[in-house]
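*Asks:* Give me coordinates for this.
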Amino acid sequence: AACDGLSVCSTPDSSHAAWNAASEAEPAGGLVLGSDLTYFVDDHRPLCDTIAALLAARPLARAVLAHQRRGLLFRGGRTPGDHHLDHFCAVAAASGLRVT
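*Replies:* Modelled structure (predicted):
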């Protein structure tokens, strides 16, 4: 069991959610975790739609995604900025998600 220091303990649980099938899944708790999900811009819409549906099922739930900043590679270095992250943030906002 995990305790948050306020005498509230819970047993961690998990579930798998297939993108575009959020209606079939429920968040195991108040937290949706993801990593290495944002580097294909074609996947941003289904990812954000799935996260929005999962969070809608639990109004106090939160999603945390890990993202590796990437610039476009070119001979001699990397461009500034991160097109993948910029695109994801725009799609997330359009899906009603807040990115911080």
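*Asks:* element containing residue 91?
*Replies:* helix 83-94 (DSSP states H and E).
*Asks:* which of the residues in that helix are buried?
*Replies:* For helix 83-94, a neighbour-count test (16 or more other C-beta atoms under 10 Å) marks 84, 85, 88, 89, 91, 92 as buried. For every residue, glycine as well, the C-beta is placed using N, CA and C.
*Asks:* What is the nearest of those to residue 53?
*Replies:* residue 92 (13.3 Å; C-beta to C-beta).
*Asks:* my guess is the closest one contacts residue 99, does it?
*Replies:* Yes: counting by C-beta atoms under 8 Å, residue 99 is a contact partner of residue 92 at 5.0 Å.
*Asks:* mind checking the SS state of the nearest residue to residue 95 once chain neighbours are set aside?
*Replies:* Distances taken as C-beta to C-beta, 6 or more residues apart in numbering put residue 48 closest to residue 95, at 3.9 Å, once the chain neighbours are dropped. Following DSSP: H, G, I helix; E, B strand; the rest coil, the label given to residue 48 is helix.
*Asks:* Over to residue 63?
*Replies:* Per three-state DSSP, residue 63 ends up strand.
*Asks:* That one: neighbouring residues, count only.
*Replies:* For residue 63, the neighbour count with other C-beta atoms under 10 Å is 20.
*Asks:* Starting from residue 41, give me the distance back to residue 57.
*Replies:* Distance, residue 57 to residue 41, by C-beta to C-beta, to the nearest Å: 26 Å.
*Asks:* cool, and residue 68?
*Replies:* 15 Å.
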